[in-house]
Structure formats: C-alpha cells, structure tokens
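In: Okay, sequence plus prediction incoming.
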Amino acid sequence: MVRATAIHKHFGALHVLKGVDLEVAERELVFVIGPSGSGKSTLLRCLNRLEEPSSGSVVVDGIDLLDPRTDINHARQRIGMVFQSFNLYPHMTALGNVTLALRKVAGRGRAEADAIGQAALARVGLADRAGHMPAQLSGGQQQRVAIARAIALEPRVMLFDEPTSALDPELVGSVLQVMRELRESGMTMVVVSHEMGFARAAADRVLFMDEGMIVEAGPPAQIFAAPAQERTRAFISQIK
Ligand code: ADP
Ligand code: MG
C-alpha cells in the first residue's frame, strides 16, 4: 500500500531523513518510535507530500506522489492524516468539519456529505455530537472528530502523528479505542506514538528511528523485549 524508497530530506543544511525505506502492506499497522527530532513527523509528512522529499520515491496505493502529473489533492483523499493538534476549524460544527472536504474536494452534495459525515461520526462514537462546536468537545472528542474527518473520505491508508500526545491521560483511551477499531476494520495504518501498550496490542511491526534513519524494525515483542541495537535498547528503557 505504501512504498517509500531511499527518502532523503534536507531543510537547508539540516539532513533530516537519510535514506529511509518503508513498505507498508495492505491492512498492516506499522508503528514508529524514536527520540524527538529523529525525523518521524517529517517521514509521515513525506508520505502524503506535506513535505516534498529531497530525493527518493513515494508510491501510495499505486500512485506516484512525486510525479508532477499526479493530482496531489486527489491523491491526498486516499491518505488520511491525524495530527497531535487536531486542526479542527473552530467556527464549524463537528459535522461541518467532517463534511468540508467531502463537499469542497470530493464534490459531494450537502445531503450526501451530511449522511457520510454522520456515519463517520457514529463510527468514532460521536453520533450525538454532530452539532457541537470544537470548543464544546473534550480533546479526546475533538481528536475523534479529526479521525472521522479523515475516514469520511474513505482513505486507503491512515497516518497518525502522535494522536494522543496532546490529550489528558484519561482521554487517551477513547482515541486508542477508535484506532483499534479502525485497525480491526482492516485499515492500513502508520502510527507515530509513544503509546507502547497500544503498539504491543495492535502493531504488526515497530520501527525505531534515530537521526533520520530506521535503526531497527521488527514485531513489537522483539523490539520492546529484545532489541538488537544498543540505541533501541537505550530508547526503550527510557520510555518504559
Ligand atoms: P520528530 O517528529 O521525530 O520529533 P521531526 O521530523 O519533527 O522529528 O524533525 C526532525 C528534524 O527536522 C528536527 O531537527 C526539526 O527541527 C527539523 N525540521 C522539521 N521540520 C522542519 C522545517 N519545516 N524546517 C526546518 N527544519 C525542520
Ligand atoms: Mg514529531
């Protein structure tokens, strides 16, 4: 579903990604860990061309994202992204936020967009919050609206960048539960997070990134319990 090959990313003199290869199979959940500044967010952003890699190739669901002929707005509908900061429009209701791209990008009429949006909100457990403004929702509910907004577009893959890091601890569980259900529904997912319990329970593979490279990858049991690399071991021992 995702094939990123030899990705390099420079920000001026800063070499942030140093030849990253990442393949994600359909229905796979790949979990990415690593110290702050190691390039996790930049890698995710390269997977939907929020950042343009300096070199390398990114193919998602058969679409070459770096081909100048690719309609990137069309391609991005197939690649849902959820950020640490929920990025909801504060002046729009939950349903308004979920249906905006359906109407403006996917070209659905209002009635159809509303029906799809309601169904997406129901999937994240917020059927009764459609008319609420973001400020009237908890952080966990706002993040679930952001997930509903992404899944309403029927993405082929979902990218999560620290989706629970901004949440009070008691609100984390509701968001992880929605992610678990998405995973069970067969969604292909790439998740950057520090929620190791979730990784143990739900991830097919864990990648450890450091200094712009994937240092080690393997099933969660192996990466958490018996990492082969010293750098991985040091990182895991800090976060446990
Ligand atoms: P992580 O998500 O693992 O914390 P990031 O991908 O956010 O790491 O950042 C990796 C490095 O790239 C950091 O040194 C960060 O300061 C730098 N960086 C990220 N985005 C930009 C940008 N737009 N311009 C300049 N430097 C950036
Ligand atoms: Mg980050």
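Out: Sure thing, it's come through. Ligands and ions are numbered 1, 2, ... in the order given.
In: Around ligand 1, pick out the residues from the protein.
Out: Taking CB under 6 Å from any ligand atom, the part of the chain that reaches ligand 1 is made up of F11, L14, V16, G34, S36, G37, S38, G39, K40, S41, T42. (Each C-beta comes from the backbone N, C-alpha and C, glycine too.)
In: Closest one of those residues to ligand 2?
Out: Taking CB to the ion as the measure, ligand 2 lies nearest S41 of the residues of the chain next to ligand 1, at 3.2 Å.
In: G139 - how many residues pack around it?
Out: 18 (other CB atoms under 10 Å).
In: do the one 3 residues further on as well
Out: When neighbours are counted by other CB under 10 Å, Q142 registers 27.
In: for the one 4 residues further on, same thing?
Out: If you count neighbours by other CB under 10 Å, A146 ends up with 25.
In: any idea how far E162 is from it?
Out: 13 Å (CB to CB, to the nearest Å).
In: Identify the contacts common to these two.
Out: F83 (CB atoms under 8 Å, 6 or more residues apart in numbering).
In: Hmm, R3 is touching E23, no?
Out: Yes - in terms of CB atoms under 8 Å, R3 counts as a neighbour of E23; the distance is 5.2 Å.
In: who has more neighbours, those two?
Out: A count of neighbours by other CB under 10 Å puts R3 above the other of R3 and E23, at 16 against 13.
In: picking up where we left off before, near ligand 2, list only the ones from the residues of the chain next to ligand 1.
Out: K40, S41 (CB under 5 Å from the ion).
In: G56 in helix, strand or coil?
Out: Classification of G56 using DSSP: H, G, I helix; E, B strand; the rest coil returns strand.
In: Report the buried residues of stretch 116-130.
Out: I116, G117, Q118, A120, L121, R123, V124, G125, L126, R129, A130 (16 or more other CB atoms under 10 Å).
In: Near ligand 2, which residues of this structure? Just list them.
Out: Near ligand 2, when you scan the chain using CB under 5 Å from the ion, you find K40, S41.
In: pLDDT weak spots in the chain?
Out: Along the chain, the parts satisfying pLDDT under 70 run over 240.
In: From the buried residues of stretch 116-130, pick the one nearest G212.
Out: V124 (33.6 Å; CB to CB).
In: R180 versus the closest one, what's the distance?
Out: V124 sits 12 Å away from R180, going by CB to CB.
In: One more: G131?
Out: G131 is 27 Å from R180, by CB to CB.
In: now do S193
Out: 13 Å.
In: try G186
Out: For G186, the distance to R180 - CB to CB - is 13 Å.
In: neighbours around L167, how many?
Out: Neighbours of L167 (other CB under 10 Å): 21.
In: Verify the contact between it and G140 for me.
Out: Yes - at 5.6 Å, L167 counts as touching G140 under the criterion of CB under 8 Å.
In: list residues touching both of the two?
Out: V175.
In: in the longest helix that the chain contains, what counts as buried?
Out: The longest helix of the chain (DSSP state H) is helix 169-184. Of all the residues in helix 169-184, those buried under the rule 16+ other CB under 10 Å are L171, V172, S174, V175, L176, V178, M179, L182, R183.
In: Show me what it is packed against.
Out: Judged by 3 or more CB pairs under 8 Å, 6 or more residues apart in numbering; DSSP states H and E, the packing partners of helix 169-184 are helix 139-151, strand 188-192, helix 196-202.
In: Nearest residue to E162 in space, please, no chain neighbours.
Out: Spatially, and ignoring its direct neighbours in sequence, E162 is nearest to Q84 (4.3 Å; CB to CB, 6 or more residues apart in numbering).
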